[in-house]
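Colleague: heads up, no residue letters with this:
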């Protein structure tokens, strides 16, 4: 397993460390990372709404910048965070999954970064005793498996794979016969708690739901270790801080844990040889300094208030909605509306028109989506309107009694269009074919034997 130069001396232990939000670094003790993932390590995401619970130090960021490779699971800014990537620099090789939409690759190469698409469902050796396998999934996300000498690391981030994918990973893990370390998110990151009616917040899923989901994942995959992951954000805009009361915390994990899998704390360093760990205690967390956080969020609020929605913005939103107007008509025949600051625009899917409306009249359809003006302009300009559903400051006022889960359909359609799947029939069929292949016909190969192995 070792090269001739390595024989005769003990190698440093292999360790896994979680930082920031969804960043995991794999390295030999005392050395630079061989691999890191999804680096959001500085600043904020989602229009100054999400901030890190614990920011890495300058020295830790400099250390991550020495990574040989950095794998980015998907395009959401809490995973593909360009301010962090600029801070890390052009030294690492940035690896991306083979998703249907690949604008991230052009974005990186045009800016002088070394970036590659990693072939799916194939093991790629980073060094002799370390290999990775990328699994694209239907919702423009990916999973990463890391085979190490003593353990299999399963990084699901916040992808929520379907049962056939989980069964394929379990079959592979059973064949490998190694201990399994699972990393995945455990807290809501959607509009699940963003609905309002005349009584207040309409919450669709309690905290216990998210803990139970992680426990089921652990049991389905036969995980030996679970590392809390991709959920270390707090919400700090004046219009999003309410969502902190609905976060699933490590304390909730401890209180409701019902799996035989060993639960570890966030911000853990895990020894993949000795299976020991250490973790940063909460009293040592480094949140954003309150004066700077207040200055940045207040500046954003001022910019939001000063923004004017232009006729071009209205036309862009209408074009976006009209790409799937007949589906919206079937789901919401009474229409829906957007409240952009003081301006309310009702969308009539039958006519395919956005027109001025009175938000207090009760004639705005089934629901009103309240979005700050500047946020809507920027989301339309970047063609990432589906990101609005993750901000925690976009609120949805229900105007009549119906199943709020139907509103998820709007954001799913936005995502399909954002990523180009509705651009043409060919694009849709290509996305559909890949989704079916990587879900129901998934076959995961064993890693190649390493030198010295039978």
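Modeller: Thanks, I have it. For clarity, every value in this text was computed on a predicted model and none was experimentally measured.

Colleague: Might you list the low-confidence residue ranges for the chain?
Modeller: 1-10, 450-454 (pLDDT under 70).

Colleague: Helices of the stretch 251-400 of the chain, start to end?
Modeller: Applying DSSP state H, counting those that start in this stretch to the stretch 251-400 of the chain gives helices spanning 290-306, 311-322, 325-331, 373-382.

Colleague: Across the sheet, point out what pairs with the nearest residue to residue 202 once chain neighbours are set aside.
Modeller: Excluding its sequence neighbours, the residue lying closest to residue 202 (CB to CB, 6 or more residues apart in numbering) is residue 195, at 4.0 Å. Bear in mind the C-beta positions are built from the backbone N, C-alpha and C, glycine included. Note on residue 195: beta-bridge partners by DSSP bridges are residue 202, residue 396.

Colleague: I'd assumed residue 399 was in contact with residue 195.
Modeller: No: look at residue 195 against residue 399 with CB atoms under 8 Å: they stay out of range, at 11.3 Å.

Colleague: if we can go back for a sec, and among the helices of the stretch 251-400 of the chain, the most buried is which?
Modeller: helix 373-382 (a mean of 18; mean count of other CB atoms under 10 Å).

Colleague: neighbouring contacts of that helix?
Modeller: 47, 300, 303-305, 307-310, 313, 316-317, 320, 338, 340-341, 343, 371, 385, 387-388, 391, 393-394 (CB atoms under 8 Å, 6 or more residues apart in numbering).

Colleague: tilt between it and helix 311-322?
Modeller: 60 degrees (axes from the mean of the first three to the mean of the last three CA atoms, to 10 degrees).

Colleague: Angles on the backbone of residue 164, please.
Modeller: Per-residue torsions, residue 164: phi -60, psi -30 (degrees, to the nearest 10).

Colleague: Mind putting the helices of the stretch 251-400 of the chain into TSV with distance to residue 363?
Modeller: As requested, the helices of the stretch 251-400 of the chain are exported to TSV (distance: least, CB to CB, whole Å):
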stretch	distance to residue 363
helix 290-306	26
helix 311-322	18
helix 325-331	17
helix 373-382	22
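
Colleague: Among those, which comes closest to residue 126?
Modeller: With CB to CB as the criterion, residue 126 lies closest to helix 373-382 of the helices of the stretch 251-400 of the chain, at 32.6 Å.

Colleague: Pull the number of nearby residues for residue 448.
Modeller: 11 (other CB atoms under 10 Å).

Colleague: Next, it: secondary structure please.
Modeller: coil (DSSP: H, G, I helix; E, B strand; the rest coil).

Colleague: pretty sure it contacts residue 122?
Modeller: No: look at residue 448 against residue 122 with CB under 8 Å: they stay out of range, at 9.9 Å.

Colleague: Counting neighbours, what do you get for residue 219?
Modeller: For residue 219, the number of neighbouring residues by other CB under 10 Å comes to 13.

Colleague: what comes up buried for the strand or helix carrying residue 215?
Modeller: Here residue 215, judged by DSSP states H and E, is contained in helix 207-221. By neighbour count with 16 or more other CB atoms under 10 Å, helix 207-221 contains the buried residues 207, 210, 211, 213, 214, 215, 217, 218, 221.

Colleague: need the contact list for the closest residue to residue 293 other than its chain neighbours.
Modeller: What sits nearest to residue 293 in space, not counting adjacent residues and going by CB to CB, 6+ apart, is residue 236, at 5.7 Å. By CB under 8 Å, 6+ apart, the contact list for residue 236 reads 44, 48, 49, 50, 51, 288, 293, 297.

Colleague: Just read off the phi/psi values of the closest residue to residue 193 other than its chain neighbours.
Modeller: Counting by CB to CB, 6+ apart, residue 246 is the residue found nearest to residue 193 once chain neighbours are left out, at 4.5 Å. When read as degrees, to the nearest 10, the backbone of residue 246 gives phi -110, psi 10.

Colleague: What is the neighbour count of residue 246?
Modeller: Neighbours around residue 246, by other CB under 10 Å: 18.

Colleague: so what's it up against?
Modeller: Contacts of residue 246 (CB under 8 Å, 6+ apart): 188, 193, 203, 207.

Colleague: Could you do residue 124 as well?
Modeller: Contacts of residue 124 (CB under 8 Å, 6+ apart): 118, 131, 132, 133.

Colleague: Helix or strand: which one has the third one?
Modeller: To tie it back to what came earlier, the one meant is residue 132. Going by DSSP H and E, residue 132 is in strand 130-137.

Colleague: Contacts for that strand next, please.
Modeller: Here strand 130-137 has contacts from 14, 26, 34-35, 71, 95, 97-99, 118-126, 142-148, 159, 161-162, 165, 169, 434-435, 438-439, 442, 444, 447-448, using CB under 8 Å, 6+ apart.

Colleague: Quick check: residue 387 vs residue 78, distance?
Modeller: 10 Å (CB to CB, to the nearest Å).

Colleague: quick one, which of the two is more surrounded?
Modeller: residue 78 (25 against 22).

Colleague: Surely the more buried one is in contact with residue 45?
Modeller: Yes: with contact defined as CB under 8 Å, residue 78 and residue 45 form a contacting pair (4.8 Å).

Colleague: Just the buried residues of stretch 388-406, please?
Modeller: In stretch 388-406, counting by 16+ other CB under 10 Å, buried: 388-399, 404.

Colleague: residue ranges for the strands of the stretch 151-300 of the chain, please.
Modeller: Remark: strands assigned in the stretch 151-300 of the chain by DSSP state E, counting those that start in this stretch are 152-157, 180-184, 195-197, 200-202, 225-228, 233-235, 262-263, 268-271, 277-279.

Colleague: Many thanks, have a good one.
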